[in-house]
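Trainee: model this:
(chains A and B)
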Amino acid sequence: MRPLRRVRAILAFAVALAGGLLLALPTPEPAAEPPLRVLATLPDLWSITRAIVGDLGRVEVATRPGQNPHDLEIRPSQILLVKRAEILVRNGLEEDAWIDPVVESSGNPRLLRGSTSVIEASQGLELLKIPSGRVDRSVGDVHPSGNPHFTLDPGTMPTVSASIVQGLARLRPDLGARLEANRREFLTRVEARFQRWRETLAPYRGARVVSYHDSWPYFYRAYGLIELGQVEDRPGVPPTPQHLVSLVRQMKEQGARVVVLESWYPPDTAAAVARLAGAKLVVIPQSPGAVPGTSDYIDHMDHVVTALAKALAGP
Amino acid sequence: MRMHTARLWPLPFLLLSLGSSLSGPAHAQDVDAVRQELGAVRRQLDSIREQYEKRLRELTDRLEQLETQRQAGPAPSPGPASTAPAPAQAVPLTAAATTPTAGEPSLREMLSPRQPFALAQPGRTLLFDIGVSGDFVTDLTSRTRERRRDGTFAGRENRVFPREIELGLFGRVDPYASAVVRLSAGEEPAGLEPSDRSVTVQVDEANLTLLALPLGTTARLGVMRPRFGTLNVVHQDDLPQIDRPNVLSRFFGEEQLDGEKGIEAFWVLPLPVYNELSIGVFDGDNEVAFGRGTLRDPLVIGRWRTFFELEEQGGLQIDLSAASGIATDAHRTTVLGLGAKYKWAAPGSGFPLFTLAGEALYAMRTVTAEGDDITPPRDRRFDRWGGYLYGQWDFNRRWAVGLRGDWTELAVDRGREWAVSPYLQFKPSEFLRFRVQYKHTEGTGAVERVANEVFLQGTFILGAHPTERF
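Mentor: As a prediction, the model looks like this:
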């Protein structure tokens, strides 16, 4: 009986293995492989890169729209995306450092950090909020190289898009002229809208706003808004009651009318702060695609500016 | 010291001879020669000073130019100050749209001398990541369990003890390889007396990962946690519950397959669905299942893992593993494993988060049974199995509750046990976690007992910590 039981176990194992492989049978691949296979780590970089690549290739994204990149866990599906890609567009500034172990697990050495196939979009930008002095976890989950949310300022688009084109053209010089043409067309569209966004928010220049997380310094700079403070007094750490009391008092004294909450954070605390300070809570997705119809960078920024202007306009 | 003295012994003679030469008849001629040389040196110094002053002027001009450009650039960032910042200048984006050529160094730049690659520059460090984690556990149980030392953390019942203090060093070795070293210390029972305890320091991991091998191969070499099943690769401080599931402890020991020395290769197959194959060959140092400790009788481990991305509906991971090696008694042991893990997260914030995971193991062992006056010693086969299943509900990023059920046969002895463990988790931040877990265990046969235990756990992380995996 014993040998029979062993044979049965081995057979069961083999059947399970075969079953698993059958489940993973390849589906038919598209007949023509796109010339460029690009992976962006975050949805904002994905939408910008997509505008630049156009029909010259396929751009995929490693995170879901509306997903908080600070709370990310590595999923095997991300490893597969890295495996397939030939170029990686990453944000830098520790915002998407999680991609490093993903790449190291993928068996695709072309996308390892430091490779020519890796584009870091923050290159060449004037960065905000670079912490000075001692930086450790007592100040929360800070970004030691500077605030990473630069794509929220359309004024950074020339540099960001130039870095992307430069990186793509380095690997595919034959596509350089077409990529540059796409980029100029994208910048023309952004410029036209940027003018309108500035006009929309011009009446509120100098207005004081409060953010939940430190996501918006580039956005506020672009439109002349003043960040009075943040609900999180230290990034990634729940606020203390003392901090909230102080913040509410400050908001009342200085007339802050809006609390901006990124859609991936829980609304309870921010809503309470807004209610106590007599301000309005506005929930805004920080990355494209979180709201239907906003997967394009311009549509996304349109949504953000409109939502904020509406909140600032009051009831 | 002797060499130093030996090198200095000619010095007095040199001084004496110099003194004598200065006071000799050729003194006047020598003074002229020295004066001429001093003049030449002075001229050289003047020339160098002029060059430096010229260079300094150039740098000052350059700095002023940069300052002027900066003032004409975008407005500074708004801080919490009360003054309204100027918005970015309305310079047409397309006017500033020329692709920078910063990545294309000029001939002059290429010919200019540079710092050696390996030197750290001010404001930058050339260092690997360093992280420390501390995992403290308490196993509160009855006096009987403590006296019999048969609690889940045997020999450490009713104590607060450091289960694992881990120092992790990890980073890239060069463009083609990365490495990790993890040293850990933890309290372990050393003898039969309750006071017999010791803190053992050991190398948990010290391995090199080759990242750029042909055919998409990635290989690890050194001391490691092999890829077997679902939980074996998870470190003590990252386990979903305070203790490892019973089946893993019974089949492999408290720390499961840990500290194995050998080589492991894995491949992500070029398929539309994630499929990973891995195979490893190890010495076999597991004291419970594969303790032969030699490559002449290696422990061979293989795993196949797949993952189904269900998008809004979550993700499902399935793994099949097999490990085969020789135990300390020279008999072969083979363990097969089947694991599954499902996770669903609410869109947006990712919370609430639901996890359902389990593993089943089937072990085949041969043990030599003792003989008696009538029956000679003979080999007996033991086929045993066990498994666990748990569900966890994370209300938000701070609070979670879960429930785990265990059922397992003993690896060799006659007997079986089942257990149920509800638990509560609180994470004030990403780097600090507290848990409380109740565990009720009932065993029969060689583990005949009813045990009620309450575990408390505090875990912290200092510095760097690898990103959590699915």
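
Trainee: below-threshold pLDDT in the stretch 151-300 of chain A: ranges please.
Mentor: Residue ranges of the stretch 151-300 of chain A with pLDDT under 70: none are present.

Trainee: nearest to chain B: which residue in it?
Mentor: Per CB to the nearest CB, A:G206 is where the stretch 151-300 of chain A lies closest to chain B, at 3.4 Å. (Glycine included, C-beta is placed from N, CA and C.)

Trainee: how many residues are close by that residue?
Mentor: For A:G206, the neighbour count with other CB atoms under 10 Å in any protein chain shown is 12.

Trainee: over to B:L45?
Mentor: Neighbour count for B:L45, taken as other CB under 10 Å: 10.

Trainee: now the residue of the stretch 151-300 of chain A closest to chain B: how far from B:D129?
Mentor: In this view, A:G206 and B:D129 are 42 Å apart by CB to CB, to the nearest Å.

Trainee: hmm, back to that, the residue of the stretch 151-300 of chain A closest to chain B and A:Y218: what is the separation?
Mentor: From A:G206 to A:Y218 the distance is 17 Å (CB to CB).

Trainee: about what we covered before: what about the residue of the stretch 151-300 of chain A closest to chain B, distance to A:T156?
Mentor: A:G206 sits 22 Å away from A:T156, going by CB to CB.

Trainee: so where do the helices sit in the stretch 1-150 of chain A?
Mentor: For the stretch 1-150 of chain A, the helices defined by DSSP state H, counting those that start in this stretch cover A:2-23, A:43-53, A:76-84, A:99-104.

Trainee: quick one: list the elements packing against the longest helix belonging to chain B.
Mentor: Under DSSP state H, the helix in chain B containing the largest number of residues is helix B:27-71. With contacts defined as 3 or more CB pairs under 8 Å, 6 or more residues apart in numbering or on different chains; DSSP states H and E, helix B:27-71 has these neighbours: helix B:10-22.

Trainee: re earlier: ok so the residue of the stretch 151-300 of chain A closest to chain B is a strand residue?
Mentor: No. Counting by DSSP: H, G, I helix; E, B strand; the rest coil, A:G206 is not found in a strand; it is coil.

Trainee: thought A:E95 was touching A:P69?
Mentor: Yes. A:E95 is in contact with A:P69 according to CB atoms under 8 Å; the separation is 6.1 Å.

Trainee: list the buried residues for the helix or strand that contains A:R249?
Mentor: When elements are assigned from DSSP states H and E, A:R249 belongs to helix A:241-254. Buried residues in helix A:241-254, defined by neighbour count with 16 or more other CB atoms under 10 Å in any protein chain shown: A:243-244, A:247-248, A:250-251.

Trainee: that helix vs chain B: in contact?
Mentor: Yes. On the criterion CB under 8 Å from any CB of the partner chain, helix A:241-254 is in touch with chain B at A:Q254.

Trainee: so what touches whatever helix or strand comes next after that helix?
Mentor: Next helix or strand after helix A:241-254 toward the C-terminus (DSSP H and E): strand A:258-262. Strand A:258-262 has contacts (CB atoms under 8 Å, 6 or more residues apart in numbering or on different chains) with A:68, A:207, A:209-213, A:215-216, A:231, A:267, A:270-271, A:273-274, A:277, A:279-286, A:308, A:311-312.

Trainee: go on, stretch B:303-312?
Mentor: Applying CB under 8 Å, 6+ apart, the external contacts of stretch B:303-312 come out as A:17, A:20-21, A:23-24, A:64, A:75-77, A:80, B:227-229, B:273-278, B:315-322, B:347, B:470.

Trainee: buried subset of the residues you listed, written for ChimeraX?
Mentor: A single ChimeraX command selects the buried members of the contacts of stretch B:303-312 (16+ other CB under 10 Å):
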select /A:20,24,64,75,76,77,80 /B:227,228,229,273,274,275,276,278,315,316,317,318,319,320,321,322,470
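
Trainee: quick one: low-confidence parts of the stretch 1-150 of chain A?
Mentor: Scanning the stretch 1-150 of chain A for pLDDT under 70 picks out the ranges A:1-34.

Trainee: and A:H143, how far from chain B?
Mentor: Applying CB to the nearest CB, to the nearest Å, the value for A:H143 to chain B is 14 Å.
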